[in-house]
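Chemist: predicted model, plus sequence, below.
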Amino acid sequence: MLARCEKASEPSGLYGIRVEERSDAWYATWGFALNQRRATRERYGDTVVRSSLLLADGFPGCPHCEAASFVQCGTCQRLTCWDGAVRVWHCRWTPCRGSGVPGGAIERFGRHGDV
Ligand SMILES: [Zn+2]
Ligand SMILES: [Zn+2]
C-alpha cells in the first residue's frame, strides 16, 4: 500500500507499507521508501480489503521520519504517516486537504495505484 510522510513535501515522502493477512486481521509489517517512478511502475492495485488493519510487532514505521503509525484519510482514503505527537493530523496527498484528530482502527483499506 502506498503512503505519504506527513513531514515531507511532495514529491518526496512517498513510501510503501507491506501488509500481511493473518488469521484475525491484516497487519502492517514493513515500511519502505519508494520513489514515484517505482510506485507507478509496480502498479499497486486498487483492491479494497474490507478488514481491519493493525500494526504488527516490529513494524518499522515511516522510513522518512520514523513515525510509528499512519492514518487513513477520511476524505481520500489514502494513508499518511502519523507519529502521535501532534493531535491534529494532515493528509499529504494533494489535492486532498483532509485533516483531523485520528481515532479508531482502520476498518477498510485499499491499495491505490493512481499516483
Ligand atoms: Zn513520515
Ligand atoms: Zn486525504
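Modeler: Now that the structure is in, tell me what you want to look at. Numbers count the residues shown, from 1 in each chain. Ligands and ions are numbered 1, 2, ... in the order given.
Chemist: now the nearest residue to residue 91 once chain neighbours are set aside: how far from ligand 2?
Modeler: The spatially closest residue to residue 91, leaving aside those adjacent along the chain, is residue 98, at 3.8 Å (CB to CB, 6 or more residues apart in numbering). (Each C-beta comes from the backbone N, C-alpha and C, glycine too.) To ligand 2, residue 98 is 4 Å away according to CB to the ion, to the nearest Å.
Chemist: run a quick neighbour tally on residue 98.
Modeler: 18 (other CB atoms under 10 Å).
Chemist: try residue 5
Modeler: Residue 5: 24 neighbours (other CB under 10 Å).
Chemist: residues touching it, list them.
Modeler: The contact partners of residue 5, taken as CB atoms under 8 Å, 6 or more residues apart in numbering, are 12-15, 62, 64-65, 67, 80-81, 92.
Chemist: now which of these would you call buried?
Modeler: 13-15, 62, 64, 67, 80-81, 92 (16 or more other CB atoms under 10 Å).
Chemist: can you add distance to residue 30 and pLDDT and give those residues back as TSV?
Modeler: Shown next, in TSV, are those (distance: CB to CB, whole Å; pLDDT from 0 to 100):
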residue	distance to residue 30	pLDDT
13	17	91
14	15	90
15	10	92
62	11	95
64	14	94
67	15	93
80	17	93
81	14	94
92	20	93
